[in-house]
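Peer 1: Predicted coordinates and the sequence they were generated for:
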Amino acid sequence: MKYLPYLLSCNMTNSDPLLRKAKKKVKQKKAFYQHFMTMGAVSIFLVLFSFFVTPNNYLWVIIALLGMGLSVLLHFITVFGIPGVGNMGEDWEERELEKEYLRLKRLEDIKDILSDKEYLELKELEKKERNGDFV
């Protein structure tokens, strides 16, 4: 909160793409947190309702909670991305393209340095490493 007035005073208008992107992300996060809190409140209500009204039948509550949990999980993934993988949003393709380019560039540079035999041995080692064949 203490940086917002400073950011807004630095000639940042609503036409600033970075500010628009930040606002969009904040709205997405807010919607997720509201969804999560609503699911929690509804879940508590359903569990109590099931306990008092249908004490011997919990299956419908479990199915309802699993459905709501799945919807919250999917909402989480769309907002924050898959843990360990990140968000596959707008910037994901650019980041992956840059990583792949740098990987290919590194291989090209290594190929220039190594002899053909050494390069093929390196490729085999990388293949074994990817497949988990190292002991």
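Peer 2: Perfect, I can see it now.

Peer 1: Quick check: mean pLDDT of stretch 45-60?
Peer 2: In this model, stretch 45-60 has a mean pLDDT of 90.

Peer 1: Quick check: end-to-end length of it?
Peer 2: 13 Å (C-alpha to C-alpha, to the nearest Å).

Peer 1: how far out from the middle of the chain is stretch 107-125?
Peer 2: Its chain's C-alpha centre and that of stretch 107-125 lie 35 Å apart, by C-alpha atoms, centre = their mean, to the nearest Å.

Peer 1: what distance separates the start and the end of it?
Peer 2: 13 Å.

Peer 1: Contacts for stretch 46-65, please.
Peer 2: residue 43 (C-beta atoms under 8 Å, 6 or more residues apart in numbering). (Glycine included, C-beta is placed from N, CA and C.)

Peer 1: Now it: buried residues?
Peer 2: By neighbour count on 16 or more other C-beta atoms under 10 Å, the buried set for stretch 46-65 is 46, 50, 61, 65.

Peer 1: now the helices: where do they sit in this structure?
Peer 2: In the chain, the helices defined using DSSP state H lie at 4-9, 17-53, 59-80, 92-113, 116-131.

Peer 1: Pick out the residue closest to the middle of the chain.
Peer 2: Centroid check for the chain by C-alpha atoms, centre = their mean gives residue 81 as the closest residue, at 1.0 Å.
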